[in-house]
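S.K.: predicted model and sequence below, questions to follow.
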Amino acid sequence: MDHGPATQQSAEPYRSATAFPEAATDVSGLPGETTAASPHRGRPARLRIPAGWPLAVILVVQALLSLRLVRADTAFEDEAAYLWAGHLEWAHLLHGTPLPSFPAYFSGAPVIYPPLGALADSVGGLTGARILSLVFMLGATAVLWSIASRLHGQRAAFFAAGLFAVLGPTLHLGSYATFDALSLFLLALASWFVVRAGDRQDATVWMLAAGVTLALANATAYSSALFDPVVVLLALGIAYPRPGGRLAAMRALVLLAITALLLTLGLLIGGSRYIHGVTVTTLGRAGGADSPLNVLAHSWSWTGIVVVLAVCGAVVAWVTQPGSTPAWLLTLFTVAAVLVPLEQASLSTDASLNKHTDLGAWFAAIAAGYAVDRFIAAAPDGQLRAITGGACVVALCFPVTVGLGQSRSFATSWPDSTAFVQILGPLVTQGTGHLLVEDPQIAEYYLHVGSQWTRWSSTRNIILPSGAATGGPSTEAGVVGAGNAGTFAMYIQEGYFSLIALSFSDTTALDQSILADIKKNPRYHRIQIVPYGNGPAGPAMGTYLIWRYVPKPKS
């Protein structure tokens, strides 16, 4: 992403402000760096490696470790929901097909990632959609390298990118077909635009690019807005010592104004459904029953090594240059790592924690890479420093080992749906009646009749022939809340559903009520008990019980 001498020159004021000039030039300890005696000068001469090779090695390792997971399990419910929505969005765009009210309950704008994911799904199926996420995650690692290299040198960039690339959440997002990878990449790119502005007197174009990208990241995944203050403060800090003062403040204000303006315009254009979706899924996110200590412990187990190193980097900067711009920015990067754990601990929920935590780890990795760089630089120059650098490279084997196990656990933490889809498929294609499935996202995605979305109801909402929803007791229905038992009883009594499939695992209390209603209607007959999650990947969740409505024979 750097473009020649002019680009490098713009970064010099910041580098000199660090008072660590060695960090910008010394690459001791990077893979392939060797020393040899020079017969002409009588002193060691370093054989330097091309700047891009270490990054290429990191990206290859990251790609291989994520690729091993792309076929580890069938689609997760979130993956199925977003890819299914993407196909419907394309049908709406090309043919005017009516759409469900996705904006009212999606935690990201359905017009951004879902259509992209659906394109990849059309080309390569679920594997193709997951590989698209890998591309975004590789991009995030490359951007991380570029930023760390500009701020602290190539050696710091190597360890920053290397640590981030092998984290369990990072590897998981590289094999997970949701909007999280795209949002992280856009957030990283917005940060790169901010850093790339350097010490320019006029950075309006860079702030405009950063604002547009940041707004797009927020629209892709609403939760990413938690990191907007980090990017804005980065814009403020990167302008010190030059141009400093008013111009630095103007950068932050321009970035903030552009982002806020674009998001406000998006909400106004999207209307009440988008406002409702943002409110329910993000601003008014429902709390859980998880212990706050467990939430913090989980996030620590996934990103603790990066957080510890980031803290060390910030402390080193404060000890060697108290109150300097680098010290403040390294502290900012470190604080970013705890934003998600603290926010979700306050809500007592670890839902999606492993995904959201990776955004903070991306920032913290910059400070972590700086810490390792300073550790190596503290060794005496020459062979001892090379040995120290080599030992740090070898030490990366530990986070690699941890990341391997964690990412595998993430990628296989839901039930295998193969048997369920194979059995349910022929049943739903035998007619055109309405279907009640406890969690229909998987079936909608895998089955061709999933495009007939007005047929599908869940235990959160009943979809009417017009496409309107009913049966929800509150604004949480359709997102986390179960439907109204009385409304479901009325529709079951009328025989509205030709097929009912319940697993008694999600909306358990409502399922029991529905079961009692089914028993009151003699036209419903249980026809299947389907195993769910007994495949080689996911754990067994239980079974689906399926009933079919048999109308009275015509006299």
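M.R.: Perfect, thanks for sending it. Numbers count the residues shown, from 1 in each chain.

S.K.: and residue 450, what does it touch?
M.R.: 84, 443, 444, 456 (CB atoms under 8 Å, 6 or more residues apart in numbering). In short, each C-beta sits where N, CA and C put it, glycine included.

S.K.: among these, which are in helices?
M.R.: Counting by DSSP state H, the contacts of residue 450 place 84, 443, 444 in helices.

S.K.: report pLDDT for the last one.
M.R.: Per-residue confidence (pLDDT) for residue 444: 95.

S.K.: all further residue positions should be reported with the first residue as 100.
M.R.: Got it, the first residue is 100 from now on, which makes the last one we talked about residue 543.

S.K.: would JSON lines of the contacts of residue 549 with distance to residue 620 and neighbour count be doable?
M.R.: Formatted as JSON lines, the contacts of residue 549 follow (distance: CB to CB, whole Å; neighbours: other CB atoms under 10 Å):
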{"residue": "183", "distance to residue 620": "30", "neighbour count": "29"}
{"residue": "542", "distance to residue 620": "23", "neighbour count": "23"}
{"residue": "543", "distance to residue 620": "25", "neighbour count": "26"}
{"residue": "555", "distance to residue 620": "20", "neighbour count": "21"}
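
S.K.: let me see the ranges of the helices in the stretch 150-299 of the chain.
M.R.: 152-166, 176-194, 212-251, 253-264, 267-272, 279-295 (DSSP state H, counting those that start in this stretch).

S.K.: out of the ones you listed, deepest packed?
M.R.: With neighbours taken as mean count of other CB atoms under 10 Å, the helices of the stretch 150-299 of the chain reach their highest mean count in helix 253-264, at a mean of 29.

S.K.: related to what we said a few turns ago, which one of the contacts of residue 549 is nearest to residue 404?
M.R.: Ranked by distance to residue 404 (CB to CB), those are led by residue 183 at 36.9 Å.

S.K.: let me see the backbone angles for residue 512.
M.R.: Backbone torsions for residue 512, taken as degrees, to the nearest 10, come to phi -90, psi 0.

S.K.: what of residue 567?
M.R.: Here residue 567 shows phi and psi, under degrees, to the nearest 10, equal to phi -70, psi 150.

S.K.: test my guess that residue 541 contacts residue 518.
M.R.: No: judged on CB atoms under 8 Å, residue 541 makes no contact with residue 518 at a distance of 11.6 Å.

S.K.: and the residue nearest to residue 282 when sequence neighbours are not counted, how many neighbours?
M.R.: Using CB to CB, 6 or more residues apart in numbering and skipping residues adjacent in sequence, the residue nearest residue 282 is residue 320, 3.7 Å away. As a burial measure, residue 320 scores 29 neighbours (other CB atoms under 10 Å).

S.K.: can you check residue 172 too?
M.R.: 24.

S.K.: that one against residue 510, yeah?
M.R.: Yes: with contact defined as CB under 8 Å, residue 172 counts as touching residue 510 (6.1 Å).

S.K.: quick one on the thing from earlier: mind putting the ones in helices among the contacts of residue 549 in JSON lines, distance to residue 298 included?
M.R.: Below are those laid out as JSON lines (distance: CB to CB, whole Å):
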{"residue": "183", "distance to residue 298": "48"}
{"residue": "542", "distance to residue 298": "56"}
{"residue": "543", "distance to residue 298": "53"}
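
S.K.: ok, then the element right after the helix or strand residue 599 falls within?
M.R.: Per DSSP states H and E: residue 599 is located in strand 596-601. Per DSSP H and E, strand 596-601 leads on to helix 607-619 as the next helix or strand towards the C-terminus.

S.K.: remind me what that following helix packs against, helices and strands.
M.R.: For helix 607-619, the contact count by 3 or more CB pairs under 8 Å, 6 or more residues apart in numbering; DSSP states H and E identifies helix 584-592, strand 596-601 as packing neighbours.

S.K.: what's the most buried one of these?
M.R.: Comparing the helices and strands packed on helix 607-619 by mean neighbour count (mean count of other CB under 10 Å), strand 596-601 ranks first with a mean of 24.

S.K.: quick check: neighbours shared by residue 172 and residue 510?
M.R.: Contacts common to residue 172 and residue 510, judged by CB under 8 Å, 6+ apart, are absent.

S.K.: any stretches of the stretch 500-649 of the chain with poor pLDDT?
M.R.: Applying pLDDT under 70 to the stretch 500-649 of the chain flags the ranges 570-579, 632-640.

S.K.: same question, the stretch 100-249 of the chain
M.R.: Residues of the stretch 100-249 of the chain that meet the cut-off, pLDDT under 70, sit at 100-150.

S.K.: phi first, then psi, for residue 534.
M.R.: phi -120, psi 140.

S.K.: okay, and the beta partners of it?
M.R.: residue 555, residue 598 (DSSP bridges).

S.K.: one step back: between the helices and strands packed on helix 607-619, which gets nearest to residue 612?
M.R.: helix 584-592 (4.2 Å).

S.K.: returning to what we had before: comparing residue 541 and residue 518, which shows the higher neighbour count?
M.R.: Counted by other CB under 10 Å, residue 541 and residue 518 do not tie: residue 541 has more neighbours, with 25 against 17.

S.K.: mind listing what that one touches?
M.R.: 173, 174, 176, 179, 516, 519, 520.

S.K.: my guess is the second one contacts residue 545. True?
M.R.: Right, residue 174. Yes: look at residue 174 against residue 545 with CB under 8 Å: they come within range, at 7.3 Å.

S.K.: neighbour count for these two, which is higher?
M.R.: Ranked by neighbour count (other CB under 10 Å), residue 174 and residue 545 place residue 174 first, with 24 against 21.

S.K.: please name the nearest non-neighbouring residue to that one.
M.R.: residue 225 (5.5 Å).

S.K.: what do you get for residue 590?
M.R.: Closest residue to residue 590 apart from its sequence neighbours, by CB to CB, 6+ apart: residue 561 at 5.9 Å.

S.K.: what is the burial count for that neighbour?
M.R.: Using other CB under 10 Å, residue 561 is surrounded by 23 other residues.

S.K.: and what of residue 533?
M.R.: Here the number of neighbours of residue 533 (other CB under 10 Å) works out to 21.

S.K.: again, but for residue 444
M.R.: When neighbours are defined as other CB under 10 Å, residue 444 has 22 of them.

S.K.: ok so it is a strand residue?
M.R.: No: assignment of residue 444 by DSSP: H, G, I helix; E, B strand; the rest coil gives helix, placing it outside any strand.

S.K.: residues in contact with the closest residue to it other than its chain neighbours?
M.R.: Sequence neighbours aside, residue 391 is the residue nearest to residue 444 in space, at 3.9 Å (criterion: CB to CB, 6+ apart). Contact partners of residue 391, counting by CB under 8 Å, 6+ apart, are 444, 445, 447.

S.K.: the second one: what's it in contact with?
M.R.: Right, the one you point to is residue 445. residue 391.

S.K.: distance of it relative to residue 530?
M.R.: Per CB to CB, to the nearest Å, residue 445 is found 48 Å from residue 530.

S.K.: neighbours around the nearest residue to residue 179 once chain neighbours are set aside, how many?
M.R.: Closest residue in space to residue 179, ignoring its immediate chain neighbours: residue 544 at 3.6 Å, by CB to CB, 6+ apart. By other CB under 10 Å, 23 other residues sit near residue 544.

S.K.: so residue 544 touches residue 177, yeah?
M.R.: No: at 10.7 Å, residue 544 and residue 177 do not qualify as touching, with contact defined as CB under 8 Å.
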